[in-house]
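A.B. asks: dropping a prediction and its sequence here:
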Amino acid sequence: MSEIPKIKCPRCGTDMHYAGGPSDSNLFTMVCPGCGHQSTHYCGSKYEQEQERALKISENLGAVISGEHIVYTSGKHGSTYFEKRIIYSHVAVVSEFCRAIAIRFWMKNIQVVVAPEVGGIALSQWVAHHLQEITGYEALALFAEKQPLSRKEFFLRGEYGRLIDGKNVLVLDDVLNTGETAKKVVGVSRGAGGKVVGVGALCNRGRLLAHDLDVPCLESLIYLPMDSWDEADCPLCKEGVAINTEFGKGAEFLAGRSG
Ligand SMILES: [Zn+2]
Ligand SMILES: [Zn+2]
């Protein structure tokens, strides 16, 4: 904290005291010496700086693909793509990004972190690690598995379902498009008795807000809103631009069209 603000207690009017927070966070706590009231505050533009830095790192690693004709998992077409696999292969970057997410939730007494398999497993491990480092309390790192048959719905296997019951849960996802996956993981977490306090994401491509996911809070490290179109309205299809088969679902799309 470079400058500790003067804040009066909203309950009793006493000058509140600074009660700390990690030095790389822009959230800090104030406590009232009179009545013990605590409040959380936000300072500065660190989130914006972090977002710029995370985007720059992702671009430098080649994880932000633009100017291509991409088919997304949703079936829609677009010109840009965020390749999370590239991020996941750089462990120091995963750790840094996950710390930035952990910092946005460290005040919320997170007891369990849940993410969808496969990539999300790395996220839940690293975010739980950093939460524990910041708060000194253990946060369990769990993952939701895809139903073996549908591969679309998620479930919490065995013990995982029980570990969540009655706990404060943070749900994570790497890339939010429509938000369907995150919503499903929120759903299974609630179904197991967890209190979902929010969703944290590496990259928000869908301009999603917390209420779209029906959660109290959504924090995304990178905002990368991308235009997408139904195939019938896709300007790149109209221009006859070749579909990229390296990223997204382009290869499957072309195989389906020829077969
Ligand atoms: Zn007070
Ligand atoms: Zn197209």
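C.D. replies: Ah, there it is. Ligands and ions are numbered 1, 2, ... in the order given.

A.B. asks: quick check: closest non-adjacent residue to the closest residue to ligand 1 within the stretch 101-250 of the chain.
C.D. replies: Closest approach between the stretch 101-250 of the chain and ligand 1, counting by Cβ to the ion: residue 107, at 18.7 Å. (Each C-beta comes from the backbone N, C-alpha and C, glycine too.) The shortest distance from residue 107 to any non-neighbouring residue, by Cβ to Cβ, 6 or more residues apart in numbering, is to residue 40 (5.1 Å).

A.B. asks: partner residues bridging the one you found?
C.D. replies: In this structure, residue 40 bridges to residue 29 when assessed by DSSP bridges.

A.B. asks: residues touching it, list them.
C.D. replies: Taking Cβ atoms under 8 Å, 6 or more residues apart in numbering, we find residue 40 in contact with 27-29, 107.

A.B. asks: could you work out the most separated pair of those residues?
C.D. replies: Greatest spatial distance in those: 28 and 107, 9.0 Å, computed using Cβ to Cβ.

A.B. asks: in what helix or strand does residue 221 lie?
C.D. replies: Using DSSP states H and E, the element containing residue 221 is strand 218-223.

A.B. asks: show me where pLDDT drops low in the stretch 1-150 of the chain?
C.D. replies: In the prediction, the stretch 1-150 of the chain carries residues with pLDDT under 70 at positions 1-5, 21-26, 42-45.

A.B. asks: dump the residue contacts of residue 204.
C.D. replies: Residue 204 neighbours (Cβ under 8 Å, 6+ apart): 176, 218, 220, 222-225.

A.B. asks: lowest pLDDT pick from the residues you listed?
C.D. replies: On pLDDT alone, residue 225 ranks lowest of these, at 82.

A.B. asks: quick one: it is in a helix?
C.D. replies: No - assigned with DSSP: H, G, I helix; E, B strand; the rest coil, residue 225 falls outside any helix and is coil.

A.B. asks: that one: how many residues sit nearby?
C.D. replies: Look at residue 225: counted by other Cβ atoms under 10 Å, it has 11 neighbours.

A.B. asks: can you offset everything so residue one is 300?
C.D. replies: In the new numbering, first residue 300, that becomes residue 524.
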